[in-house]
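# Structure for the following, please:
(2 chains)
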Amino acid sequence: MSFNSFVFLPFILVILSLYYIMPHRKQNLLLLVGGYVFYGAWDFRILFLIIISTLVDYWAALSMERITSIARKRFYLAISLIVNLGILGFFKYADFFISGASDFLALFSLKVSLPVLNIILPAAISFYTFKTLSYTIDVYRGQIPPTHNIVDYALYVSFFPQLTAGPIERASALIPQISTPRSFSKDKFIEGLWLILWGFFKKLVISDNLGLMVNIVFEPGRNVTGVEILLGVYAFAFQVYCDFSGYTDIARGIGKLLGFETVLNFNLPYISRNPVEFWNRWHISLSTWLRDYIFLPVVYASMRRIKKPLGRLKVENQAYIVGTIITMLLGGLWHGAKWTFVAWGGFHGLLLAGHHVMTRKKKRKKKAKKIKIPGFIKIVVFFHITCIGWLFFRADNMAQAWEFLRRLFLNFSLPANIAETIFPLVFYLPMLLIFEAWLQNCDDPRQRPGWKVILGPLAVSLILLGIVLFSVPGGQGFIYAQF
Amino acid sequence: MRNFKSKLIIIQWIIIPIALFWVAETFVGRTKPVREKVWYSRADEIASNVKLDYIFVGSSRVAAAINERAFEDFMRQQLNRRIECQNMGQGYSTIQQHYMGIRNLFEKYPDRMAGAVFFFEAPGEMANIPYYTDWNGKWINSDRIQMLIPFLQLKDYFNFMLKSGDEWGDKVHTSFKYLLNPFKLIRHREKLKEQLDIYLRSELMDIIIKYNRNLIREKQGALDLARKGGIKTADVDIRRYKKMAEDFAKEMMDAEHEFSDWDHTILWQLIQMIEAKHGRVFFFYMPVSSAQKRVFDSPVHKENEKLFDKQLKKYNLVILQPDFSYVDSDFPDSWHLRSSRSGEFTRKLGEAYLKYINTSTGMTYKKQ
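The predicted model follows:
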């Protein structure tokens, strides 16, 4: 089930109407059953995967609590990692690696036709796998105690607002909210309704309309000019932002209706001036997950292995670069079993590593002559750099990505149907920018100037009217729900 | 004073949204796409004034191939009287929708609909309407949910919810549309969005051309295709349609199965209803592009054709075969007959119809 499907409305109405008349433990049970109905609505067969993952990690965490031996703890952690990554690897990456192996062997003139399994990708598998992994790793590290209530833990894994596309909430933040009674709060409820409304506007009006144009530009085999590609990539940058941040807003909004506080996942990422700032603002729950569970362990491991500086590059800088590249490549692969995602991750890895080296150099040359670049220019330049990454992210395959990059620089002519291409950007994007500038990513719009008098009801009415008039008939699924 | 202020703050939350929606609703009601009657609402408008003589039923291929004016002119010349003809061909329509549309017309205007002649696109299973479906099949195309709403009577709505094979998401969506149907803003929102997009794009193009004289505006509708019945004429859509024709043909060939139980189909219920109201039904063969013809030539389809012929004979029905030759280039999007040939095809169909009537009744309808 998707937030933008019509079945979701009766679903959430039923959940809400029962939720606040129930005692705490029954509320949890209701949300758990709701989560399974929500997830099983795609295909009830995939439910068994989430249940296996839940049971294994619940058992592994409890087993780790009972023992003191690090080696035994490591054994239970290994079981959790093998089961979760095994499920993820098989269902998401098996075909990718099989076809990759065939291609690799073909390089050596070995024609081996390995059977492609055509496995159906279970929705949201990457999201809940990362959630469950963080739980067992945190228990292993002794950062959180394991939960003894199976319903609480199962609800943590399958909490339906976050199930499809995150945010990847940590157990330390969500489980305490699950285990303690929640009461109705009018303020939270209003904030929730606002986030849901704003999220739907971003998804249904901005993202879906930009998506129509993006699909045309990226249609395989279509002869497009550099101008169209540039506009298409701009559109995709905002499509993916509105799609994903819209989803997150709805998820956070529903969480608030149910009395939960969910981590902030986006913080106006396109005003970033460098890659580090971008990853502090974009998909924050993933970037912090990658930092804590991949980047830092890899950096520490690298520092132990790297013995001496490489030219002027100190040991810790080398470790940082290795950690960043590996983390971002894996982060790219997490998005999907395609080389374009790996390239996107690698591109951001290089940006982060390059930025790290540059800032170190700058610090050394602190006293040298300084050229001050205005912040606005930095934002514009970095947005365009991000767009190169988005080109890889959206491209159907690497061949299309390279071809588009070539045309972007060598065939920069105005197409005859320019109005067709530029129209969604000219018409829909200003709506987003005006509201974003006013709201400034505030959960509670009542704090914004003018809300109390006229602007509040006017904004809500315009957003509702916008959804009625401009949402794309039929709509499109959430991009990140595929991951 | 403080109390008054807080009341005002609350009241604005009622007044501003209502005022804004009222303005939008009034404005929308005055726009051309909303005032313009199409499909069965157009037929309803005509039947409220005059007798409807001939009705064509089918998909957007019928919308493209049948030229109402050409048919009316031809029949007027032949019969020496004015006739009223309506083309109900519509893309994304389903046989359930046609059934209810025709039923509603008969219920509302029994006298003006009595004796009407219905022409049905011969079942090639290529159109969006699988003729062999029953009430447990899909009533709507997920992308065009609003098309069902105008036909639904309360009993239909319950049948739709309980019987139809549509997805639950679509059923809930339909329920919303059904409940909110009195609001023009909701009822016509898809049409409004489409028209608004076209208008704004056109305005934007004017501005761009003003600053870049090298660009020439692409002539809208330059392609020789009818601009009705849900047929799209934009560049992008033509490419999509061509690909769709290929994909659809493959899909249909894979899905085709032998079918003989015509008595339990909606199509047959519709035929019986029309005949009970003293109407007549004819089927006719449509011109199709080679991409679509591949399906008709498949062995399963040939077998189905025989079974369908058997059914027609049982009920004294015929398929008219207009003497019309065509080539692949007559289908600019591999799907619909080009506009400039629709008049000729329609006249040939009229000829085939009169020829059948003349020979089967021994009467001559030729102008004396």
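# the domain parsing of the chain - what is it?
Using chain A here. A:8-179, A:186-266+A:416-482, A:270-408 (automatic domain parsing).
# Actually, chain B is the one I wanted.
Using automatic domain parsing, the domain ranges for chain B come out as B:1-30, B:37-361.
# Kindly compare burial across these and name the winner.
Comparing these by mean neighbour count (mean count of other Cβ atoms under 10 Å in any protein chain shown), domain B:37-361 ranks first with a mean of 18. Quick note: C-beta positions are derived from backbone N, CA and C, even for glycine.
# What residues does the stretch 101-250 of chain A have near chain B?
Contact residues, the stretch 101-250 of chain A versus chain B (Cβ under 8 Å from any Cβ of the partner chain): A:216, A:219, A:222.
# which other helices and strands contact the host helix or strand of the first one?
When elements are defined using DSSP states H and E, residue A:216 is found to belong to helix A:208-217. Under the contact criterion of 3 or more Cβ pairs under 8 Å, 6 or more residues apart in numbering or on different chains; DSSP states H and E, the helices and strands touching helix A:208-217 comprise helix A:226-257, helix A:418-439.
# Which SSE is immediately downstream of the longest one?
Next in sequence after helix A:226-257, counting helices and strands by DSSP H and E, comes helix A:275-281.
# Residues touching the helix or strand that that following helix is followed by, excluding its own?
Per DSSP H and E, the first helix or strand lying C-terminal to helix A:275-281 is helix A:284-290. Here helix A:284-290 makes contact (Cβ atoms under 8 Å, 6 or more residues apart in numbering or on different chains) with A:130, A:134, A:166-169, A:263-267, A:279-280, A:327-328, A:330-331, A:334.
# least confident pick among the residues of the stretch 101-250 of chain A next to chain B?
By pLDDT, residue A:222 ranks lowest within these, coming in at 79.
# Check residue 34 and give its pLDDT.
Using chain A. On the pLDDT scale, residue A:34 gets 95.
# meant chain B actually
75.
# same thing with residue A:53?
93.
# Am I right that it is in a helix?
Yes: counting by DSSP: H, G, I helix; E, B strand; the rest coil, residue A:53 falls inside a helix.
# For it, which non-adjacent residue is closest in space?
residue A:132 (5.3 Å; Cβ to Cβ, 6 or more residues apart in numbering or on different chains).
# contacts for stretch A:49-64?
So stretch A:49-64 is contacted by A:36, A:39, A:73, A:76-77, A:79-80, A:83-84, A:87, A:91, A:122, A:125, A:128-129, A:132, A:135-136, A:139-140, A:146-148, A:150, A:153-154, A:157-158 (Cβ under 8 Å, 6+ apart).
# let's go with 6 Å and repeat that
A:73, A:76, A:79-80, A:83-84, A:87, A:122, A:132, A:135-136, A:139-140, A:146, A:150, A:153-154, A:157-158 (Cβ atoms under 6 Å, 6 or more residues apart in numbering or on different chains).
# same deal with stretch A:137-156?
By Cβ under 6 Å, 6+ apart, stretch A:137-156 touches A:28, A:31-32, A:54, A:58, A:61-62, A:64-65, A:73, A:77, A:171-172, A:174-175, A:178-179, A:293.
# Of the residues you listed, which belong to helices?
Using DSSP state H, the members of the contacts of stretch A:137-156 that fall within helices are A:28, A:31-32, A:54, A:58, A:61-62, A:64-65, A:73, A:77, A:171-172, A:174-175, A:178-179.
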